[in-house]
Structures are given as C-alpha cells and as structure tokens.
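K.L.:
what would the 3D arrangement of this be:
(one chain, ligands or ions: 1)
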Amino acid sequence: MSEHILVSQSGQVRQLILNRADKKNALTLAMYNRLSEALLATDSDPEVRVIVLRAEGDSFCAGNDIADFVAAVNNPDAMQAPLNFLRAISGVSKPLIAAVSGAAVGIGSTMLLHCDLVVASQQTRFQLPFVKLGLVPEGGSSLIMPQLAGHRKAFELLVLGEPFDAETSVELGLVNQISTPEQLQQRTMQLAEEIAALAPEAVRQSKALLKQNMHDQLQQVIQAEGELFAARLHSAEAQEALQAFIEKRSPDFSRF
Ligand code: COA
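P.N.:
Got it, this is the predicted structure:
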C-alpha cells in the first residue's frame, strides 16, 4: 500500500503526500505505518530542513479508514499504527507545514494540531465527528483544543462534531492562512522554502522551545486518549455508528 503515501523532494523540502484520493485519503493501517516511517526518516535526514504534508485529490484526509475501525474489534493491535503515527508527528523536530483542502475529518484535522504552519484552501471542511461515531477525541485534541478555543468551543467542536470552515479554523488558531485552492500548493511551498532558507539549527531549537512545556503532558494525553478510543471501538454505540456509515444510513443510538 506504499503507493498511498508518496514522498518527494525539492531542494531541502521533503513532501509527504497522501495519495488515496478515491477514498478521500482515509488512512489505513499501512498508510499510518508508512507515514510514521517517512516522518522519522525525514527528521533524521540531513538533506531535509522542512517537511510538507499534503494530499492528492479533492480532500486532505477523511480520517481513519472506517472499515479498519470495524475490523479493529478483532485486532487488538489495531490502534498501535495510529498511535505510533501520532507520536511521530507530534515529536518531529523539523518544521512541519500542512496544505489542506476539502475534507479534513477526524485525524485529518487532529494531525494539524501537531503541524507548525497550516495553509488551508477556502474549500476546506474540518470536522471532529468522534462522538457521532460513538468514539472519543484523539490525537491530543482533548488537550490542545481547549487551549486553543476554551472549553465551550472545544466541547462544541469535539462533542457536537459539526463541520467548520477555513475562516473558523483561522479564528481558532488551527490554521495560519487561507489560500485559493489553485494557489494552495504554491503558497505552501513558498513558506517551506522561506523557512528552509533560515538558520536550520535556530529554527529547530525555536520549535523545541515552543513545544517543550507541553511535550510530556501531550504524550501522556495521546496515550490515554488512544487507550480509551481503542476500548470505545468495542462498544455497541461505536459499532452501531460505524456499521451505519458502511450501510450509508444514520446511526440510531435510541436503544442505548
Ligand atoms: N473510511 C473509509 N472510506 C471512506 C472514508 C473513511 N473514513 N471517508 C470516505 N470514504 C470513502 C467513501 O466510503 C466513498 O467510497 P465509495 O466511493 O467506495 O462509496 C469514497 O470514500 C468517497 O466518499 P463520499 O462519502 O462519497 O464523499 P463525499 O464527498 O460525499 O463526503 C466525507 C466526503 C469525507 C465528508 C465523507 O466521506 C465522510 O464523512 N467520511 C467519513 C469521515 C469519518 O467519519 N472519518 C472518521 C473520523 S474519526
């Protein structure tokens, strides 16, 4: 499945590209593993100063592959791949810039909380539908979202789970700037090259300073969320919601 993650290099900028456009770049276990490997390899590669995360097709990422969630009930290790990915992306020492357009759902939004700059096209639709799926927030979002937006807004976004647009994402501090869909990649690469031209050690040390206070707490929260999330996948509530997605119907939680 390595064709679902592409890696390309221009100058000192390494691009990691989600390439499963027909499924809106929903992440399979193989994609998480490949992304984790690529992030770790890139972080220690002296040829790379900046990492860009982007996607092919009309959507950034529709979150975890729902069929994998359903199958996770019979696979006790199923949450290991997303957890390893979250540890990798939240621990990257080099600057990480994301270019986002279309759907950015679930981990397609929460992975952005670990990027240093995010450029979103006007067409981006963010959504954190964990509770709608009978699940709980992941990716450190239960820690970072209240810090960004306060408890009430974080509750609204993480529990009601309705989609929000690029302008709202800038107000929240989730996104730095908005571009047209046509200019998204060019604008992102401009920023990447601007950062790549800066003193590399000063950039990395500055990033480390910005993140050092939260590092240990964030790793603990990602782990705790992951354990609860994995347990929730076995719940009857989540099984109803996931089955409903596959059957293209609304979930019915009335019996719980
Ligand atoms: N897992 C697996 N397949 C997914 C997927 C996911 N998370 N998200 C989308 N797909 C698939 C669809 O099943 C569909 O496949 P098909 O063509 O074989 O039927 C294809 O991708 C296109 O999706 P579709 O729903 O037709 O596109 P859309 O533009 O109408 O809607 C989304 C896009 C992202 C809003 C919608 O697909 C969606 O809500 N996906 C689920 C997101 C989600 O809940 N993720 C988990 C978060 S924890």
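
K.L.:
all contacts plus neighbour counts: C-alpha atoms, from now on.
P.N.:
Noted.

K.L.:
ok, the most centrally placed residue in the chain - contacts?
P.N.:
By Cα atoms, centre = their mean, the chain has its centre lying nearest to Met111, at 2.2 Å. Residues near Met111 by Cα atoms under 8 Å, 6 or more residues apart in numbering: Leu86, Ile89, Gly139.

K.L.:
quick check: pLDDT value at it.
P.N.:
Here the pLDDT value assigned to Met111 is 99.

K.L.:
again with Met1
P.N.:
52.

K.L.:
what residues does the chain have near the ligand?
P.N.:
With the criterion set to Cα under 6 Å from any ligand atom, the chain comes near the ligand through 22-24, 26, 62-67, 103, 105-106, 129-130.

K.L.:
swap the cut-off to 5 Å and go again
P.N.:
The chain comes close to the ligand at residues Lys23, Ala26, Ala62, Gly63, Asp65, Ile66, Gly106, as judged by Cα under 5 Å from any ligand atom.

K.L.:
from the stretch 151-256 of the chain, which residue is nearest to the ligand?
P.N.:
Ile246 (7.0 Å; Cα to the nearest ligand atom).

K.L.:
what does the stretch 51-200 of the chain give?
P.N.:
In the stretch 51-200 of the chain, the residue that lies nearest the ligand is Asp65 (3.4 Å; Cα to the nearest ligand atom).

K.L.:
go ahead and confirm that residue touches Tyr32.
P.N.:
No: with contact defined as Cα atoms under 8 Å, Asp65 does not count as touching Tyr32 (10.5 Å).

K.L.:
which one's more surrounded, these two?
P.N.:
Neighbour count, other Cα atoms under 10 Å: between Asp65 and Tyr32, Tyr32 has more, with 20 against 17.

K.L.:
what's the helix or strand for that one?
P.N.:
Here Tyr32, judged by DSSP states H and E, is contained in helix 29-43.

K.L.:
helix or strand right after that helix?
P.N.:
With DSSP H and E, the next secondary element past helix 29-43 is strand 50-55.

K.L.:
chain center to the strand or helix carrying Val118: distance?
P.N.:
For Val118, the host element (DSSP H and E) is strand 117-121. With Cα atoms, centre = their mean, to the nearest Å as the basis, strand 117-121 stands 13 Å off its chain's centre.

K.L.:
all strands of the stretch 1-150 of the chain, in order?
P.N.:
Applying DSSP state E, counting those that start in this stretch to the stretch 1-150 of the chain gives strands spanning 5-10, 13-18, 50-55, 96-100, 103-105, 117-121, 125-127.

K.L.:
dump the ones you listed to TSV, plus mean pLDDT.
P.N.:
Shown next, in TSV, are those (pLDDT from 0 to 100):
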stretch	mean pLDDT
strand 5-10	98
strand 13-18	98
strand 50-55	98
strand 96-100	98
strand 103-105	98
strand 117-121	99
strand 125-127	98
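
K.L.:
which residues touch Ala166?
P.N.:
Shown in contact with Ala166 (Cα under 8 Å, 6+ apart): Ala120, Ser121, Gln122, Gln123, Thr124, Arg125, Phe126, Val175, Ile178.

K.L.:
cool, Arg204 as well?
P.N.:
By Cα under 8 Å, 6+ apart, the residues touching Arg204 are Ser93, Lys94, Pro95.

K.L.:
from what I can see the first one touches Ser206, true?
P.N.:
No: with the criterion set as Cα under 8 Å, Ser93 and Ser206 do not qualify as a contacting pair; they are 9.9 Å apart.
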